[in-house]
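In: heads up, no residue letters with this:
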Ligand SMILES: Nc1ncnc2c1ncn2[C@@H]1O[C@H](COP(=O)(O)OP(=O)(O)OP(=O)(O)O)[C@@H](O)[C@H]1O
Ligand SMILES: Nc1ncnc2c1ncn2[C@@H]1O[C@H](COP(=O)(O)OP(=O)(O)OP(=O)(O)O)[C@@H](O)[C@H]1O
Ligand SMILES: [Mg+2]
Ligand SMILES: [Mg+2]
């Protein structure tokens, strides 16, 4: 938005919302909305404590491993589905089912199948992220301009060349879009995993703080999580914008 | 061609259910029933009518929440997409909301809105709305300007442009937002039944788990997934019916 | 007798009735100066072609006349009234077709009438007529993605014709159709100019086409665009399509225009 | 003296060296029968044009020769060897350009060489040469979306030229460039045919263009496509670009082809 | 030496688990090697032990013991079902709840069984039961006026009394000796790891007995770098108060339950509907494995 000809940064309205939060908090409307400044102060005091660092590293570990496997498995599977009709017809119904299924309901099954503890949390995270990544990579490949494939073949491209020099790049805008949505879903997944399976990481902190009504602590952790999700998603959105110049022209 | 695709669907279903049956027979765990046990539990639940009363309960917050999210979400999305001011003010809120770890927020919601329908509807809305709003606003913003220009040259009013150009042009993305939103809404509904008050299907899951009746628990999980998939198929049909020309078919064929 | 009137700076002769007149129009896109102080008259009931290198601002000028773009300076009058926005007196054929992908051929053709509030049976009847005219009978219920490029372009043409506007702004309307179809359309266009008192503003890259169909050809300079010269190849029409291509005068004009334009290639 | 050789069914005369020969090729897409028992020879060092209505199967034929599509029946030989897939002896200019949108002009032009494993400095040097040849000097680091349609088409042209193949398959290579640039390219093409012993297979919609640049023109029937007749408008070249368009023999051939094609319009 | 034993907690470490962690520290000093995982509820901990992914679990798995094919046995009673009916000022006796709606933890859970037994003993019929997991959440619902009656655990009852004691009633209730949380494991595993189990039970018993004499030892002996020591100051400060109240309220049996608890459990869970069949036909050996506790005494 422009004010007096000056372009306001896209996310600057968050400052406005932060102010509103501070005011509501100061007004003491309810005890579970403490003023933002108090929350920030609490965040400052807890952020270095070993318990917090441990929770953070546990969460980050599950999240990073989960997202990483979702990407590493999801992108090739999606590309292969886009290329092979048989594979696509076999897998697509399941991808659609898992994309739309309430995964929360599946969490108990996952625990039985994949064990309890970190492994299941990572798998939950992966499951939250992977389907949209597969679907988007597939869509990216499906809409590829056939001429590009023909062109590469006519100049003698090997299958490997075609995969890395054509398919991957042609699908990249969709792949990045899928990863961005996937990452956002993964944040939900990791917390749901940490709350519904074994209570570790930020999930444990949330549980602890909310059952003990430590609202400032609660919001402090939430802020960290928001910041984490927000940063990653904006980073990916930035990458997406970098390739968007060719997205509409393939 | 149609036959082949149905055949493949059946084949892939047979593979998955077969694997389930085998895993249940090994068994991978005492808490993991076989496919057949689960299905017979599902039949029992259906015959007893338990499943219907449960869904009557579960669908209440879900349907209300999804309708609110769809109407409000598309409306807000249109508004945000059309007005730079609104975009600046509200987009970040929904981006933040989209990454909100809702499971953690549920205690707060219970404190604010109690344990009744309101909280659950709220949970569904928080889950479903951001993706609907963001998809809609993005699609509206990206409506190809040639269409708008063409309509203007044929004397379209602002209203015409919104209803006859922008919405149909944005409809595939709006619908994919709705799809993701509804699936998120399902997650929210189940989450609220697991974490706020166990009613409906959430109750069948938690109760049969607490009495170690695992086949019933799996039957309930199976049924909710089935329902979600059915729901989304209906939505897809609706989309194809409303905007037939947007369906361009298999790109590779 | 063919006449070549060659007076770019001459004011519109008194008594000539201009359907559209453009006075001192300039237009910049950010840094890019597309049009600079361009003036041009379009006599009523005649076909005026715009010829010029790619990117010289032809589309821009058409859009300004249509009221879709605001010029930075200058004035446009249509039927003596200043243009402030799109109006029912003008219809546009878009260079990139601008069809609604979710609407069938018949709805696309009838879309202009739909926006004017014409009732459905009535507008579909009109649309039907123009669909047959452009040779798309039988494709009424197809969607744009099921048509070839040339067929799509014809849908856009039919849409513009169906609103029965006085001024038709056509941006490379035959660029995607094959030579054979193109020639047929040229004939159709000529009979439209002759039988209905409509004013056509026509953009093309083909010198032959311009010479063949135009009452007046405006040759534009490369960006920033102004009118280099105006050529009036009037008097060919009675000669008939088959013989005209061997006519020396016709060939002279083509060569002359070619010589004019050529200096801007390379 | 211009000669018109008019023997579609005559077998290739002994002693004529055919770079490409197509024998009894048929191709169907599902229900659609695109080519039916089509036979055609392409003499070495000559330019053969394919003329025919839109959708008649010209692109299909080119792709079959390139080894990108398998015919349902029939055989193709290039330099006496049966075609089983794409090979380094043929290069393709695509109707829709087929540029990599994520790669700069220079990388696009060098892409054919990149796939052949030529080292970077070397292939970029070659690319540079052809970029200048097609008039894109200064745009080496631009991306396709920053170019106009005509410029993009020239990138595709440069890419095909840079691999130095013996047979060039060109699918409407000048369709998007403006008339002025098109004429320049026609001259360039003629000098390529004359100076290097390459074989060109050229698709166009413009009869004039075909007559002007071709050694041999194959006129194709509408779908399912077969060769209607072969016309050899040889002997125009020495007449020079500026005068040929007034040459009666030239105009006769154009008219004759037009008459042939015309029966399939409407 | 045996591998690390894997303990499945049924909640995240907080004040209620402080005593357990002190006992773990003592067991560790005696050579027990362990790791723990917190699950979100006891059903999960039970499932984890059932599938063999965890060795020892928290909870009262009576239904699972009877229904599943796995030989699960309880070895130690960690806490009793000390729950308290709290209501708004509307009610002052349990009897007045006849026909009135009530808020409980979950269907088939501990508070649900308490409600069943209340109905049984007082010959009343409670009204509509709704469920909200978490005593803290039920307290919030009570304060917010969304319910007039609920059943909550000791620490939340105390919090309520401390903060808003004047607005709510804690209804007097009969004594309950049945277990809320117990330690259980697969019998085959217990037998294979008899030594470790022995060390563990002995450590628990010693802590429970010390704590009965002086509740403050828990806060004193809590490892400041352990999971409890790392909790926010607000929670650590409340430890002494919590254990003082708990000992007074009889939440912990200093003898680890044993036969007395087993009998009480069978009666209780039978009455609550989690155990089926004739009460007289239920055998202690099918539910408890008493050897480690007996030898620890
Ligand atoms: N929306 C825009 N933003 C920036 N520059 C533009 C825009 N539209 C056109 N231009 C620039 O203005 C100039 C004129 O463009 P215009 O489309 O009018 O050309 P044209 O004569 O119609 O070309 P063509 O024959 O290729 O259709 C071009 O150089 C183009 O780059
Ligand atoms: N992939 C395909 N699937 C189905 N039909 C196809 C496919 N490609 C081409 N066709 C059909 O085959 C016929 C020949 O197509 P082709 O592209 O070869 O025509 P063309 O002569 O190159 O036309 P144009 O002049 O428009 O480029 C057309 O009728 C087209 O509809
Ligand atoms: Mg233009
Ligand atoms: Mg073609």
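Out: Good, I have the coordinates. Since the model is a prediction, treat every value here as computed from it, not as a measurement. Ligands and ions are numbered 1, 2, ... in the order given.
In: The host helix or strand of residue B:78 packs against which elements?
Out: Using DSSP states H and E, residue B:78 maps to helix B:50-82. Secondary-structure packing of helix B:50-82 (3 or more C-beta pairs under 8 Å, 6 or more residues apart in numbering or on different chains; DSSP states H and E): helix B:35-48, helix B:84-98, helix B:117-141, helix B:167-195, helix B:200-210, helix B:214-242. Any C-beta I mention is one placed from the backbone N, CA and C, and that applies to glycine too.
In: Go through those and name the closest to residue C:205.
Out: Using C-beta to C-beta as the measure, helix B:167-195 is the one of the helices and strands packed on helix B:50-82 that comes nearest residue C:205, at 29.7 Å.
In: orientation of the closest one relative to helix B:50-82 in degrees?
Out: Helix B:167-195 runs at 140 degrees relative to helix B:50-82, counting by axes from the mean of the first three to the mean of the last three C-alpha atoms, to 10 degrees.
In: how about helix B:167-195, does it reach chain C?
Out: Yes. Contact of helix B:167-195 with chain C (C-beta under 8 Å from any C-beta of the partner chain) involves B:168-169, B:171.
In: can you list contacts of stretch C:127-135?
Out: Stretch C:127-135 has contacts (C-beta atoms under 8 Å, 6 or more residues apart in numbering or on different chains) with C:105-106, C:109-110, C:113, C:137, C:139-140, C:154-155, C:157-159, C:161-162, C:181, C:184-185, C:188, D:266.
In: could you redo the last one with a cut-off of 10 Å?
Out: C:105-114, C:118, C:124, C:136-140, C:150-151, C:153-164, C:177, C:181, C:184-185, C:188, C:192, D:265-266 (C-beta atoms under 10 Å, 6 or more residues apart in numbering or on different chains).
In: Can you select the buried ones from the residues you listed in PyMOL?
Out: In PyMOL, a selection of the buried entries from those looks like this (16 or more other C-beta atoms under 10 Å in any protein chain shown):
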select buried, chain C and resi 105+106+107+108+109+110+111+112+113+114+118+124+136+139+140+150+151+153+154+155+156+157+158+159+160+161+162+163+177+181+184+185
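In: How about the contacts made by the residue of chain B found nearest ligand 3?
Out: Closest to ligand 3 within chain B is residue B:146: 12.1 Å, counting by C-beta to the ion. By C-beta under 10 Å, 6+ apart, residue B:146 lies in contact with C:94-99.
In: Do you know the pLDDT at it?
Out: What the model reports for residue B:146 is a pLDDT of 75.
In: Tell me which helix or strand it sits in.
Out: Judged by DSSP H and E, residue B:146 forms part of helix B:145-153.
In: tell me how far that helix is from the chain's mean position?
Out: Taking C-alpha atoms, centre = their mean, to the nearest Å, one finds the center of helix B:145-153 at 34 Å from the center of the full chain.
In: In it, which residues are buried?
Out: B:147-153.
In: Can you report how many residues neighbour residue 204?
Out: All of this refers to chain A. 25 (other C-beta atoms under 10 Å in any protein chain shown).
In: that answer is for a different chain, and I need it for chain E
Out: The local packing of residue E:204 (other C-beta under 10 Å) involves 26 other residues.
In: quick one, what contacts it?
Out: Listed by C-beta under 10 Å, 6+ apart, the contact partners of residue E:204 are E:19-20, E:22-24, E:26-27, E:75-78, E:183, E:256, E:292-293, E:296.
In: Which of the residues you listed fall within strands?
Out: Within the contacts of residue E:204, residues falling in strands by DSSP state E are E:75-78, E:183.
In: Now residue E:47. Nearest residue, chain neighbours left out?
Out: Leaving aside its sequence neighbours, residue E:47 sits nearest to residue B:31 (C-beta to C-beta, 6 or more residues apart in numbering or on different chains; 4.4 Å).
In: should've said residue B:160
Out: residue C:115 (5.6 Å).
In: Can you check the pLDDT for residue B:206?
Out: 82.
In: Also the one 5 residues further on?
Out: Confidence per residue is given as pLDDT, and for residue B:211 that number is 78.
In: So the residue in the stretch 1-150 of chain C positioned nearest to chain E: helix, strand or coil?
Out: Minimum separation of the stretch 1-150 of chain C from chain E (C-beta to the nearest C-beta) falls at residue C:102, amounting to 47.0 Å. Recorded secondary structure, residue C:102: coil (DSSP: H, G, I helix; E, B strand; the rest coil).
In: How about residue C:48?
Out: With three-state DSSP as the basis, residue C:48 sits in strand.
In: got the contact list for it?
Out: Counting by C-beta under 10 Å, 6+ apart, residue C:48 makes contact with C:19-20, C:40-42, C:199-202, C:210, C:214-218, C:230, C:232.
In: That one bridge partners, please.
Out: Note on residue C:48: beta-bridge partners residue C:201, residue C:216, judged by DSSP bridges.
In: now it: how far from residue C:91?
Out: Applying C-beta to C-beta, to the nearest Å, the value for residue C:48 to residue C:91 is 16 Å.
In: so who does residue A:40 touch?
Out: Neighbouring residues of residue A:40 by C-beta under 10 Å, 6+ apart: A:18, A:22, A:216, A:219-220, A:223.
In: Could you tell me which of those belong to helices?
Out: Applying DSSP state H to the contacts of residue A:40, the entries found in helices are A:18, A:22, A:216, A:219-220, A:223.
In: show me what contacts the residue nearest the centre of chain C?
Out: Computing the C-alpha centroid of chain C and ranking residues by C-alpha atoms, centre = their mean puts residue C:202 first, at 2.2 Å. By C-beta under 10 Å, 6+ apart, the residues touching residue C:202 are C:47-51, C:58, C:62, C:93, C:168-174, C:189, C:193, C:209-210, C:213-214, C:217.
In: Then residue E:106?
Out: By C-beta under 10 Å, 6+ apart, the residues touching residue E:106 are B:194, B:197-198, B:203, B:206-207, B:209-210, E:41, E:43, E:112, E:131-134.
In: where exactly do the helices run in the chain?
Out: With no chain named, the answer covers chain A. In chain A, the helices defined using DSSP H lie at A:13-27, A:36-46, A:50-83, A:85-100, A:103-114, A:118-142, A:146-154, A:159-161, A:168-196, A:201-211, A:215-247.
In: not what I meant, chain C
Out: Counting by DSSP H, chain C has helices at residues C:58-66, C:105-115, C:120-133, C:149-162, C:179-195, C:207-213, C:241-244, C:248-262.
In: likewise the stretch 1-150 of chain E?
Out: E:18-29, E:42-50, E:62-67, E:110-122, E:135-143 (DSSP state H, counting those that start in this stretch).
In: Need the winner for burial among those.
Out: Stretch with highest mean neighbour count among the helices of the stretch 1-150 of chain E: helix E:42-50 (a mean of 28; mean count of other C-beta atoms under 10 Å in any protein chain shown).
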